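Visitor: Sequence plus predicted model, see below.
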Amino acid sequence: MTFTPEELSNPRQLFDRVPFIRLLGLQRVFSEAGRARLQLPPSDDLGNVIGAVHGGAVFTLLDVVMASAAVSALDFRRTAVTLNINSSYLAPGRGLLTAD
């Protein structure tokens with residue numbers, strides 16, 4: 001995936017153009033000053049055999065909210081990549097999932 005110079009001139013808008021983000025249905029509520037909130041609406045396509053959101057989708061929500069907070073601290077002038085991430089699940093994710 002490549003972005004046009006016009007798209008790159010407004011990096012705040014790139015989030016909604018990433019195909020994987022659109023595929024999952026991730027929604028950015030805000031991303032500013034080193035903080036971010038994203039939501040993952042419920043979808044049958046993201047479900048697992050126990051009727052919850054698949055852990056991979058939940059993990060992606062965590063990864064993307066972390067990166068969104070990081071790049072917002074730099075006013076979106078740079079990008080961020082995850083070098084290492086670990087998570088322990090306390091309960092199945094159901095309904096609208098929100099990550100800060």
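Guide: Looks like it came in fine. Numbers count the residues shown, from 1 in each chain.

Visitor: which residues sit against stretch 47-54?
Guide: With contacts defined as CB atoms under 8 Å, 6 or more residues apart in numbering, stretch 47-54 is touched by Leu40, Pro42, Leu46, Gly55, Pro92, Gly93, Arg94, Leu97. All C-beta spots, glycine's among them, are computed from the backbone N, C-alpha and C.

Visitor: Kindly check the end-to-end length of it for me.
Guide: 5 Å (CA to CA, to the nearest Å).

Visitor: Kindly confirm my reading that Met66 forms part of a helix.
Guide: Yes: under DSSP: H, G, I helix; E, B strand; the rest coil, Met66 sits within a helix.

Visitor: which residue packs closest to it, ignoring adjacent ones?
Guide: Spatial nearest neighbour of Met66, chain neighbours left out: Thr82 (7.0 Å); criterion: CB to CB, 6 or more residues apart in numbering.

Visitor: go on, Leu38?
Guide: Nearest to Leu38 is Val65, by CB to CB, 6+ apart, at 4.5 Å.
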